[in-house]
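Engineer: I would like the atomic coordinates for the input below:
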Amino acid sequence: MQPDYLTSARKQFEYYKMLGEKTFEQLSDEQLFWQYNPESNSIATIVKHLWGNMLSRWTDFLTTDGEKPNRDRETEFDNDIKDRAELLQKWNEGWQCLLNAIDSINAENIDTTIYIRNMGHTVTEAINRQLAHYPYHVGQIVFIGKMVMNEQWKSLSIPRGNSAAYNASKFAQPKHKEHFTDEFLGEEKEE
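Structural biologist: Numbers count the residues shown, from 1 in each chain. Next up, the predicted model:
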């Protein structure tokens, strides 16, 4: 069961990473830094926060607290990423740290108690915690992308008005025995 869970969790993380990237591809550099108002976060700010969280939570996660002493969470919300290249560098660095950590979990260490802000978690609980946190922020990224693109937005899931055709296509195929395949990453999900 544990290898299936880890495979499933990794694919879920990869799916949300892909949604963020498909949003970035649609936006101009300027739109990545757009804020609805001064109290709102830009996409760049959300990326910076995800990067800081991922590096803190997943670097040496089996042996050190997930809230690293060098993390400055408050500055993660400063809108000071310089350009798309820096945004993508932070995005990829954070996700790579997370995925490397997931890949390092095995039968010998899966029962390790890990700590986040001095609170004990099983490895599964820590993964689940971030499976709730990261998609929350990726959803914000997608929502901002939809707001700034308006009618030019290219749906990342089933476009409005196409649900019946999409479902008919799926139900016309034989049932899949595998619950979660690599094909899932390319499949459109409902919004």
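Engineer: in this structure, which spans are helices?
Structural biologist: 2-26, 29-32, 43-58, 84-103, 123-149, 163-171 (DSSP state H).
Engineer: worst average pLDDT in those helices?
Structural biologist: Between those, the lowest average pLDDT goes to helix 163-171, which shows a mean of 87.
Engineer: before we move on, the earlier item: redo the helices of the chain as JSON lines? Include mean neighbour count.
Structural biologist: Heads up, the C-betas are built off the backbone N, CA and C, glycines and all. Formatted as JSON lines, the helices of the chain follow (neighbours: other C-beta atoms under 10 Å):
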{"stretch": "helix 2-26", "mean neighbour count": "16"}
{"stretch": "helix 29-32", "mean neighbour count": "15"}
{"stretch": "helix 43-58", "mean neighbour count": "23"}
{"stretch": "helix 84-103", "mean neighbour count": "17"}
{"stretch": "helix 123-149", "mean neighbour count": "18"}
{"stretch": "helix 163-171", "mean neighbour count": "11"}
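Engineer: how about M54, what does it touch?
Structural biologist: M54 is in contact with G94, W95, C97, L98, Y134, counting by C-beta atoms under 8 Å, 6 or more residues apart in numbering.
Engineer: mind doing that once more with 6 Å?
Structural biologist: Residues near M54 by C-beta atoms under 6 Å, 6 or more residues apart in numbering: G94, C97, L98.
Engineer: skipping adjacent residues, who's closest to R57 in space?
Structural biologist: Sequence neighbours aside, G66 is the residue nearest to R57 in space, at 4.3 Å (criterion: C-beta to C-beta, 6 or more residues apart in numbering).
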